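In: give me a model of this one.
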Amino acid sequence: MGLGTNLKKILKDKGKTLKWLSAETGISVNTLYSITKRDSTRISIDNVSKIAAALGITTSQLMGEIVIATDEEEDELFKVLTEEPELTKEEIATYNSILLTEGFEEANKYRAEIIEHKNFIRIRNYFTSLTKLPTDESTLSKEQDNPEASETLLAAFHTLNQAGKAEAIKRIQEMARLEEYTK
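Out: Just a heads-up that it's a prediction; the model follows:
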């Protein structure tokens, strides 16, 4: 069952029309009609998000994907998002050296960069385990179209609170399932 079929069923169950949905989302009635008639699996994530929000459901429910994480998976995700990685002996020595020669501010910049890099690797590895992406750094870097994209994504991720981080992860997982966003 595709998104169009799910959308028709959800609208019927909620007693709503395509006209109502169009007014709520700003998506034209013609586009919504086309989605329901094609039973499309190719629809922009922006439109999927707008439709789901208007209907008060998750994008996974709209798309017919019910993703239930086990307690173990939820614990691992929480660990990835909240635990600060430990510094190696070499990194501590470098930190101390910078602290003595350049001061506290520069030493803390170094420490923050190391932790950000380690968190990036941990988060990437977590998603890799879910999506079966390549784990070898050399393979991954060969496949990246834009090496700055990972840094930009990670920087934006770090500006989020815990709820935002959890939502970002859900949305990335949803996008990874859509053909238009995958390789």
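
In: check which helices and strands the helix of greatest length in the chain sits against.
Out: Longest helix in the chain, counting residues (DSSP state H): helix 104-131. Packing partners of helix 104-131 (3 or more C-beta pairs under 8 Å, 6 or more residues apart in numbering; DSSP states H and E): helix 71-82, helix 89-102, helix 147-158, helix 162-176. (Each C-beta comes from the backbone N, C-alpha and C, glycine too.)

In: can you do 6 Å?
Out: helix 71-82, helix 89-102 (3 or more C-beta pairs under 6 Å, 6 or more residues apart in numbering; DSSP states H and E).

In: low pLDDT regions in the protein?
Out: Applying pLDDT under 70 to the chain flags residues 1, 39-42, 60, 64-82, 124, 126-152, 155, 183.

In: switch the cut-off to 50
Out: 66-68, 132-144 (pLDDT under 50).

In: tell me the domain boundaries of it?
Out: Per automatic domain parsing, the structural domains of the chain span 3-63, 71-181.

In: got CSV for those, with mean neighbour count too?
Out: CSV is the format used below for those (neighbours: other C-beta atoms under 10 Å):
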stretch, mean neighbour count
domain 3-63, 16
domain 71-181, 13
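
In: and the next helix or strand past the helix or strand K9 falls within?
Out: Assigned by DSSP states H and E, K9 falls within helix 3-14. Scanning forward in sequence from helix 3-14 by DSSP H and E, the next helix or strand is helix 18-25.
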